[in-house]
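Peer 1: Structure for this input, please:
(one chain, ligands or ions: 3)
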Amino acid sequence: EENKPAKGAWQEGVPLKELQHRGVCLLKLHAASQRTGLYGRLLVTFQPRKHDPDAELPSNSFGPGDIAGLYDAASQGDALCTGIVTRITSRAVTVAFEDSQDTLSLDHERSYRLLKLANDVTYNRLKKALNALKQYRGGPASDLIDVLFFSADDSPAVSPEPLQLYNNSLDESQREAVSFSLAQRDLAIIHGPPGTGKTTTLVEIILQAVQQGLKVLCCAPSNVAVDNLVERLAGRSVRILRLGHPARLLEPIQRHSLDAVLARGDTAQIVADIRKDIDQAWAKTKKAQDKGERSHFLSEIKTLRKELKEREETAMAAALTHASVVLATNTGASSEGPLKLLPDNHFDLVVIDECAQALEASCWIPLLKAPKCILAGDHKQLPPTIISHKAAAEGLALSLMERLIGRYGQKVVKMLTVQYRMHEAIMHWASSELYGGRLTAHPTVAQHLLKDLPGVTSTEETTTPLLLIDTAGCGLFELEVEDEQSKGNPGEVQLAGLHIRALLEAGVKAKDIAVVAPYNLQVDMLREHLGHSYPELEIKSVDGFQGREKEAVILSFVRSNRKGEVGFLAEERRLNVAVTRARRHVALVCDTGTVGRQPFLQRLLAHVSQRGEVRSAFEYLGDLVPQSCPAEGQSRRQRGAKLPAAPSPKPQPPPAGQRRAAPRAARPKPGAQSSAAPVGTSGAGRESPKTRGGAERLRAMLGAFLEGSELQLDFPPSLNAHDRMLVHQMAEELGLQHGSTGEGRDRFISVRRKEPAEPALPAATFPSEQHPLPQPQRPSSETPAPAEPGGSRQGSGKVDLKALHLERVQREKARREEAARKAQEPRASSRKKDKGEAQLTEDIDALISAAVKADNTCGFPRCKASVSTLGQLCPHCHHRFCLSHHVPEVHGCGDKAKAQARQRISREGVLYPGSGSKDNSLDPAKRAHLQRRLDKKLNELTSQRKSKKRDKEK
Ligand SMILES: Nc1ncnc2c1ncn2[C@@H]1O[C@H](COP(=O)(O)OP(=O)(O)OP(=O)(O)O)[C@@H](O)[C@H]1O
Ligand SMILES: [Zn+2]
Ligand SMILES: [Zn+2]
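Peer 2: Ligands and ions are numbered 1, 2, ... in the order given. You can find the predicted model right below:
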């Protein structure tokens with residue numbers, strides 16, 4: 001159903017070769033063998049080359065159940081006949097042709113082609129169903145049709161009887177849904193948001209209905225959804241029968257298929273004999289000497305087929321009648337199939353699962369067969385794909401379920417409200433946006449995190465349910481592919497890869513991770529980049545992942561452009577599906593600058609920054625392939641001296657002893673350079689509710705700016721995405737001009753008054769443009785930047801000697817402290833191998849001794865993460881930070897790091913990726929090695945500490 005109509009494309013004159021490329025056509029096939037299959041159909045196996053069973057078919061999209069047209073390869077004429085693909089391997093395709101094709105006699109010398117026609121058949125069945133609906137008179141569904149078209153109200157429910165449940169663990173909302181559905185006379189709708197046990201509830205309803213002696217027809221739009229129900233019902237003592245082609249070849253499903261039931265039945269042997277006779281007769285026609293002999297065999301075949309059909313139909317009708325529950329896809333319930341063998345009023349109840357994902361027309365195929373229906377689904381997830389905009393505009397986009405809820409409202413609906421999948425923080429956004437805030441997380445899942453999985457260690461990644469990796473300002477733009485609907489973003493591919501690596505290193509299994517993107521191009525790029533390294537990783541489009549779940553889901557939003565185009569991610573239901581697939585962890589990789597312009601998406605981002613972690617992609621830039629951040633060095637130069645004074649995590653570097661207290665308690669000084677730093681990547685999830693939120697602080701800064709006399713307020717580039725978003729919003733509210741300047745990591749927001757008090761400073765001109773050369777920076781940790789009036793804040797282009805001096809003094813002091821520390825600390829390892837190894841060991845030891853000596857919490861204001869084992873020393877400010885704050889840009893040493901990098905650039909004439917925040921003089925392999933050694937060391941230390949602790953406890 002998802003495929004474009006192959007026939008249409010062909011008729012539009014697409015060359016056959018092109019159709020084969022698209023996988024919908026197989027050219028030059030030979031009939032290798034033929035035999036008689038179920039219902040007397042002719043089964044023909046085609047292969048690409050005559051007498052060469054090893055020749056492979058070109059890659060194609062044919063699958064079992066697809067309708068295929070058979071054409072004479074030599075002519076452009078109409079199809080010889082149509083059939084159903086029953087089996088496809090890499091070397092052969094088998095098609096079952098209807099028995100009406102008696103005259104079809106395949107020539108083993110000729111070549112044929114097959115063309116996929118699935119759409120026509122589906123379409124014809126839908127059309128037939130709608131015609132049947134139009135002409136419907138006096139059948140079992142007469143009253144129901146009136147209700148579903150609003151010409152009669154639904155009849156009052158019977159009073160619900162107390163139920164003896166099969167499944168005693170049903171929650172309150174599920175129990176209500178069960179008794180409500182059974183009590184309704186015509187129509188009941190079960191609204192099941194993600195993970196709320198919709199199928200569990202339907203199974204109970206079906207069992208109860210069967211217990212009451214009802215015959216149930218159970219359908220869903222897709223084979224997978226039907227199989228899911230078959231699987232869940234299979235273990236119960238209820239007689240089920242699956243029509244059509246099961247999608248999963250699992251034994252518990254297969255054995256309930258009509259074919260399997262018939263094969264086990266009494267007539268199976270007779271039927272098999274007749275088929276053999278038919279095959280023999282076919283063989284004889286081939287060897288027939290003359291026309292008379294040949295027509296004799298042909299008429300014999302005809303008689304045999306008639307007998308076969310009669311016997312099979314009798315057996316089928318018996319099997320259908322015997323079953324309490326018949327299951328099929330919506331279109332599989334068509335009266336053209338086996339169901340025609342049943343009397344009109346056979347079924348008492350029709351159940352349609354995933355109803356919101358079905359075309360209304362397809363629902364009408366089963367709906368005409370019973371007086372009552374129970375529809376289950378979630379209309380807040382993706383509807384069926386409707387290719388025609390016209391059809392969508394004329395109401396086809398509305399599912400039956402939505403249409404009915406729109407009319408009857410809550411009196412026909414019961415919503416399931418306890419969800420059994422997601423961590424409560426993941427659920428919360430979807431609940432409040434789409435489900436009226438009515439969802440609750442079952443206690444068994446409400447707090448579950450990746451770290452709780454067996455074999456997974458606690459890392460930053462495995463202890464947060466929500467993570468935003470923000471590429472805003474990194475220049476990781478989407479690909480500009482002209483005439484291309486699909487979008488890709490190579491930077492996000494790399495970031496997703498880095499995050500996956502972090503998860504795997506923490507012990508999360510690849511099979512528990514899914515990477516999801518809204519665009520097929522991005523899916524392809526992700527597969528190319530990651531598929532080979534991690535074959536168990538699932539990489540899918542959002543639409544392809546509906547109905548599934550994973551422990552961890554990484555979402556690449558793809559869109560990043562200057563125009564702020566969001567594309568079809570703006571579709572609420574798509575985003576809902578994307579986010580709610582995750583059980584314990586969702587990571588969003590996106591450019592909040594682009595994506596955040598859409599209010600619905602923006603609220604998701606706000607939620608993540610409130611309940612989870614936000615990281616700038618800057619943190620990963622050192623690990624990205626350099627070309628993903630173009631013109632980096634250039635942008636640095638362009639910045640010149642008109643930088644906002646570098647943000648610092650602390651207004652003053654206090655004496656080491658009291659370092660903790662001051663910054664934590666410190667309120668931001670509005671307008672002061674240092675005040676903005678704490679709103680950086682602060683991992684707001686860890687904040688106690690009493691600490692002031694980033695929004696308030698930003699508002700305070702803006703308020704102070706409004707009251708003050710400054711012309712312009714610059715926010716540091718380290719501001720996180722959400723905060724940047726807030727600044728833009730608030731500035732807009734306050735009637736201030738706002739905009740971003742700079743490229744890549746240097747991008748920062750400036751806010752100005754609409755009417756400058758001093759016209760001398762034109763609003764749009766940034767003096768930096770007059771200073772194309774790199775300018776030394778003022779040290780940020782000094783001088784808590786009094787709100788200097790505009791003029792003096794601008795770089796003069798001259799070196800600030802005093803600042804440099806102060807910085808030198810500070811560096812000197814820190815170096816001395818460090819040396820003293822090292823002297824006190826006995827070497828953790830004195831082994832020396834070769835020179836390089838020794839150097840690495842020394843580095844590790846230095847890091848470790850620094851880490852061990854440090855006080856216990858991260859130096860970043862308000863961050864309470866322990867750095868006693870996992871922490872890093874910043875070479876610029878000499879404070880210790882947790883792993884999410886150690887990057888200079890994050891905690892406010894960005895400008896110093898840049899200054900250093902710049903020095904190196906001019907010294908060595910080389911541009912390194914990253915700002916020099918990491919030691920780029922090591923080559924990546926060595927760095928990785930160092931990192932691994934460090935990790936190992938830290939792990940050792942951790943376990944040492946643990947065993948010590950245990951010793952103490954003894
Ligand atoms: N009452 C319950 N008690 C415990 N677990 C439950 C309960 N109801 C459902 N579950 C669990 O929740 C998960 C989802 O259930 P089910 O497959 O029925 O949901 P669904 O709503 O059909 O899923 P989807 O969101 O994919 O449509 C299953 O693992 C199921 O075992
Ligand atoms: Zn620092
Ligand atoms: Zn920290």
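Peer 1: which other helices and strands contact the lengthiest helix in the chain?
Peer 2: Looking across the chain with DSSP state H, the single longest helix is helix 291-322. Other helices and strands packing on helix 291-322, by 3 or more C-beta pairs under 8 Å, 6 or more residues apart in numbering; DSSP states H and E, are strand 240-242, helix 258-264, helix 268-287. Using the backbone N, CA and C atoms, a C-beta is placed for each residue, glycine as well.
Peer 1: in the stretch 301-450 of the chain, what spans have low per-residue confidence?
Peer 2: Applying pLDDT under 70 to the predicted model, the residue ranges of the stretch 301-450 of the chain that meet it are 385-397.
Peer 1: Just the closest residue of it to ligand 3, please.
Peer 2: Per C-beta to the ion, the residue of the stretch 301-450 of the chain with the smallest distance to ligand 3 is Leu449, at 18.5 Å.
Peer 1: for stretch 544-562, how far is the first residue from the last?
Peer 2: With C-alpha to C-alpha, to the nearest Å as the measure, the ends of stretch 544-562 fall 29 Å from one another.
Peer 1: what do you get for stretch 478-490?
Peer 2: Using C-alpha to C-alpha, one end of stretch 478-490 lies 7 Å from the other.
Peer 1: got it, and stretch 260-274?
Peer 2: Between the start and the finish of stretch 260-274 there is a gap of 18 Å, counting by C-alpha to C-alpha.
Peer 1: which outside residues touch that stretch?
Peer 2: 38, 241, 254, 304, 307-308, 311-312, 314-316, 318-319 (C-beta atoms under 8 Å, 6 or more residues apart in numbering).
Peer 1: Buried members of those into PyMOL, please.
Peer 2: Filtering these down to the buried ones (16 or more other C-beta atoms under 10 Å) takes a single PyMOL command:
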select buried, resi 38+241+304+307+308+311+312+315+316+318+319
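Peer 1: Dump the contacts of stretch 260-274 into JSON lines; add distance to Tyr123 as well.
Peer 2: Conversion of those to JSON lines gives the following (distance: C-beta to C-beta, whole Å):
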{"residue": "Leu38", "distance to Tyr123": "25"}
{"residue": "Leu241", "distance to Tyr123": "27"}
{"residue": "Gln254", "distance to Tyr123": "29"}
{"residue": "Leu304", "distance to Tyr123": "34"}
{"residue": "Glu307", "distance to Tyr123": "34"}
{"residue": "Leu308", "distance to Tyr123": "30"}
{"residue": "Arg311", "distance to Tyr123": "33"}
{"residue": "Glu312", "distance to Tyr123": "28"}
{"residue": "Thr314", "distance to Tyr123": "32"}
{"residue": "Ala315", "distance to Tyr123": "31"}
{"residue": "Met316", "distance to Tyr123": "26"}
{"residue": "Ala318", "distance to Tyr123": "33"}
{"residue": "Ala319", "distance to Tyr123": "29"}
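Peer 1: Check the contacts of stretch 260-274 one by one and keep those near ligand 2.
Peer 2: Near ligand 2, judged by C-beta under 5 Å from the ion, there are no entries from those.
Peer 1: quick one, helices of the stretch 351-500 of the chain?
Peer 2: Counting by DSSP state H, counting those that start in this stretch, the stretch 351-500 of the chain has these helices, from start to end: 360-367, 389-391, 400-408, 424-434, 490-505.
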